[in-house]
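Participant: Make a model of this:
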Amino acid sequence: MNTDHIVRTFVEYFQDRGHRRITGSTLLSPPGDSVLFTTAGMHPLTPYLEGRPHPLGRRLVNVQRCLRTTDLDEVGDSSHLTVFEMLGTWSLGDYGGSQSIDWGHDLLVNGFGVDPRLLYATVFGGDERSGPDTDSLRTWEERGVPVELTTDENWWSNGPTGPCGPDTEIFVRTGEGPPRSTPTGDDRWVEVWNHVMMRHRRGDDGSLGLLPRPNVDTGLGLERLVAVLQGKRSVFETDLFEPWTRTVPSLWPLDEPSLRLVCDHLRSGIVVIGDGVLPSNTGRGYVLRRLIRRALTTLWRDDPSRTLGDLPRELFQHTLDHFGQSEPGGRVREVFLDEEHRFTRLLERGRRILSRPRFSTPLDEEDYSYLHDTHGLPRDLVRGLRGGTPG
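Facilitator: Numbers count the residues shown, from 1 in each chain. Next up, the predicted model:
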């Protein structure tokens, strides 16, 4: 199965069961929202999860692009990405968690052909906030899927306040050899699908109240699913990244973690620009700036002559087309090159400033504050320059 086939199979499965497809929205959160980017498929649906009727009904399905920076330091492994796509389904006060699990199991096994012996589930085992999720536990046991009970790992929330509840996560066995442990103890179990029984709302004081109606919110990471179904060791080996992994190594010889980071950050930067963001020193623009500069820092570690101008235009357009964005690839490329030029000038200025006698000894907090407030040199950049690796 290629990625398009996988997406189509997922959407059509739930459309056949009464779900209406909604359009996956931009990465940008609504005005006034404290979150800079959409981090999960449910984010744009928060008002409806809290009780507002949705114009398309109570059963929904979509494909939503998301961006997370919480895992930024883990990008370079086999499964973490900055920008990714989430396949999602919602029951807005309609069917319950057991039905959602049943459909999820059926689609994985009979729709996608996953060997049921390779499945494992984790379920909320209860704590001082709420009792165990016995419905999910019973449903998995009826289907012969082994279950691990956890606490914090299976309680889902989208922040300190708002909708939340117990969840059950579906893992698929990857790698070779017998399992060493359950999913929390063996990383060869890969989480692919989360089903949240969204029954509660956490208030500003931390208390839990019941939502006007219980919902079920599920999110299935497209890239991880594709890697599992295509039998790949990592998401970077799938057809989604094929144009990148085919092109970039011939331009810039990199070790595997560096190649993954560069491909992820540049691809993510294209998508962020495609949604209308430009590099800046604050907010969304700073996230974009950081992505581009982290990629450049990695490229220049071995060869300072490398430039983003080496990237073929086709990579820009391929990424924009995949995410359904209308921004011209040439315009995105110009933004990249402008930011590369700005970063080059900042590095040159930073080196001149740090060569002053004042900074010949180890830096203290006053030095870092001065360099940032007076010269615009962030702490990470300063540390990198003094250590020989900018950024």
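Participant: Which strands and helices lie in contact with the strand or helix carrying H341?
Facilitator: In the assignment (DSSP states H and E), H341 maps to helix 329-354. The contact analysis (3 or more C-beta pairs under 8 Å, 6 or more residues apart in numbering; DSSP states H and E) places helix 329-354 against helix 256-274, helix 283-300, helix 313-322, helix 365-375, helix 379-387. In this view, the C-beta of every residue, glycine as well, is placed from N, C-alpha and C.
Participant: okay if I get those helices as a markdown table plus mean neighbour count, distance to W103 and mean pLDDT?
Facilitator: Below are the helices and strands packed on helix 329-354 laid out as a markdown table (neighbours: other C-beta atoms under 10 Å; distance: least, C-beta to C-beta, whole Å; pLDDT from 0 to 100):
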| stretch | mean neighbour count | distance to W103 | mean pLDDT |
| --- | --- | --- | --- |
| helix 256-274 | 23 | 30 | 95 |
| helix 283-300 | 21 | 35 | 92 |
| helix 313-322 | 17 | 27 | 93 |
| helix 365-375 | 13 | 52 | 88 |
| helix 379-387 | 16 | 45 | 76 |
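Participant: Which residue ranges of this structure form strands?
Facilitator: Taking DSSP state E as the test, the strands found in the chain are 20-21, 59-67, 83-92, 119-124, 147-150, 155-157, 162-173, 189-202, 208-221.
Participant: who does the first one touch, helix- and strand-wise?
Facilitator: Spelled out, that is strand 20-21. Partner elements for strand 20-21 (3+ C-beta pairs under 8 Å, 6+ apart): strand 59-67.
Participant: Dump the strand it packs on to PDB, restricted to CA.
Facilitator: Provided in PDB are the C-alpha atoms of strand 59-67 (Å, rounded to 0.1, in the frame of the first residue of the first chain):
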ATOM      1  CA  ARG A  59     -19.700  11.300  13.300                       C
ATOM      2  CA  LEU A  60     -16.600  12.800  11.600                       C
ATOM      3  CA  VAL A  61     -13.400  11.700   9.900                       C
ATOM      4  CA  ASN A  62     -10.500  13.800   8.600                       C
ATOM      5  CA  VAL A  63      -6.800  14.100   7.800                       C
ATOM      6  CA  GLN A  64      -5.200  16.900   9.700                       C
ATOM      7  CA  ARG A  65      -1.600  18.200   9.500                       C
ATOM      8  CA  CYS A  66       0.000  18.900  12.800                       C
ATOM      9  CA  LEU A  67       3.200  20.400  14.200                       C
END
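Participant: Neighbouring strands - and their directions - for that strand?
Facilitator: Applying DSSP bridges, strand 59-67 is found paired with strand 20-21 (parallel), strand 83-92 (antiparallel).
Participant: Outside of the first one itself, list whatever touches it.
Facilitator: Strand 20-21 is contacted by residues 11, 15, 56-57, 59-62 when judged by C-beta atoms under 8 Å, 6 or more residues apart in numbering.
Participant: List the residue ranges of the chain that fall below the pLDDT cut-off.
Facilitator: Low-confidence segments of the chain (pLDDT under 70): 24, 32, 387-391.
Participant: Which one of the strands of the chain lies nearest to Y370?
Facilitator: strand 59-67 (32.8 Å; C-beta to C-beta).
Participant: quick check: angle from that closest one to helix 313-322?
Facilitator: Strand 59-67 runs at 150 degrees relative to helix 313-322, counting by axes from the mean of the first three to the mean of the last three C-alpha atoms, to 10 degrees.
Participant: could we number from 468 for the rest of this?
Facilitator: Taking 468 as the first residue, the last one we looked at is strand 526-534.
Participant: Make a markdown table out of the strands of the chain and add distance to T606 and mean neighbour count.
Facilitator: Converted to a markdown table, the strands of the chain look like this (distance: least, C-beta to C-beta, whole Å; neighbours: other C-beta atoms under 10 Å):
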| stretch | distance to T606 | mean neighbour count |
| --- | --- | --- |
| strand 487-488 | 25 | 14 |
| strand 526-534 | 19 | 21 |
| strand 550-559 | 14 | 24 |
| strand 586-591 | 9 | 24 |
| strand 614-617 | 10 | 18 |
| strand 622-624 | 17 | 19 |
| strand 629-640 | 8 | 23 |
| strand 656-669 | 10 | 23 |
| strand 675-688 | 12 | 19 |
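Participant: now these as JSON lines including distance to F790?
Facilitator: What follows is the strands of the chain, written out as JSON lines (distance: least, C-beta to C-beta, whole Å):
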{"stretch": "strand 487-488", "distance to F790": "17"}
{"stretch": "strand 526-534", "distance to F790": "6"}
{"stretch": "strand 550-559", "distance to F790": "8"}
{"stretch": "strand 586-591", "distance to F790": "30"}
{"stretch": "strand 614-617", "distance to F790": "34"}
{"stretch": "strand 622-624", "distance to F790": "26"}
{"stretch": "strand 629-640", "distance to F790": "25"}
{"stretch": "strand 656-669", "distance to F790": "21"}
{"stretch": "strand 675-688", "distance to F790": "16"}
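Participant: For L830, find the nearest of the ones you listed.
Facilitator: Across the strands of the chain, the minimum distance to L830, taken as C-beta to C-beta, is reached by strand 526-534, at 32.3 Å.
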